[in-house]
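1. my questions are about this predicted structure, shown below with the sequence.
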Amino acid sequence: MNNNIKIPIKNIYYMLSYAWNIWNTIDEDNNKKEIFGDEKFDNIYNVMGYILNIFLEKLIKRGFYRGYITLEEDLSVLKGKINFSESIKRNTLNYKKLVCSY
């Protein structure tokens, strides 16, 4: 039995791009283009790196999500801003804690 079955890299690429729904991508001029193009790859790692590079470039051009999640907790150490009104309402000073928003 032969365990060294060679699968063409191009076939693996097409299977992955179909599974990830990235068969075609939109370029800067809003034209559909095939991601793979005329590239020749020797192994699957080069294909994955190529796909990662394409989508990272798009993400960087579009910009990263800049939202923050604000948390408010009773802490014994200072972190972020002290919310004095909530600290007094919750009576946390008796327990040597402060309400902090960060």
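-> Ah, there it is.
2. give me the domain ranges for this structure.
-> Here the domain parsing of the chain from automatic domain parsing is 9-62, 72-101.
3. a markdown table for those domains, including mean pLDDT and mean neighbour count?
-> All C-beta spots, glycine's among them, are computed from the backbone N, C-alpha and C. Compiled in a markdown table, these are given as follows (pLDDT from 0 to 100; neighbours: other CB atoms under 10 Å):
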| stretch | mean pLDDT | mean neighbour count |
| --- | --- | --- |
| domain 9-62 | 70 | 12 |
| domain 72-101 | 92 | 13 |
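4. where exactly do the strands run in this structure?
-> Defined through DSSP state E, the strands belonging to the chain, from first to last, are 24-26, 32-34, 72-75, 81-82, 98-101.
5. what separates stretch 53-67 from the chain centre, distance-wise?
-> With CA atoms, centre = their mean, to the nearest Å as the basis, the distance from the averaged C-alpha position of stretch 53-67 to the chain average is 9 Å.
6. gap between residue 14 and residue 7?
-> The gap separating residue 14 from residue 7 is 11 Å, by CB to CB, to the nearest Å.
7. and what of residue 83?
-> If you measure residue 83 against residue 7 using CB to CB, the figure is 59 Å.
8. likewise for residue 15?
-> Computed with CB to CB, the distance linking residue 15 and residue 7 is 9 Å.
9. could you do residue 90 as well?
-> When residue 90 is compared with residue 7 (using CB to CB), they lie 62 Å apart.
10. do the same with residue 62
-> Distance, residue 62 to residue 7, by CB to CB: 34 Å.
11. list the contacts of residue 93.
-> In this structure, residue 93 makes contact with residue 87, judged by CB atoms under 8 Å, 6 or more residues apart in numbering.
12. that one and residue 101, how far apart?
-> Look at residue 93 and residue 101: by CB to CB, they are 17 Å apart.
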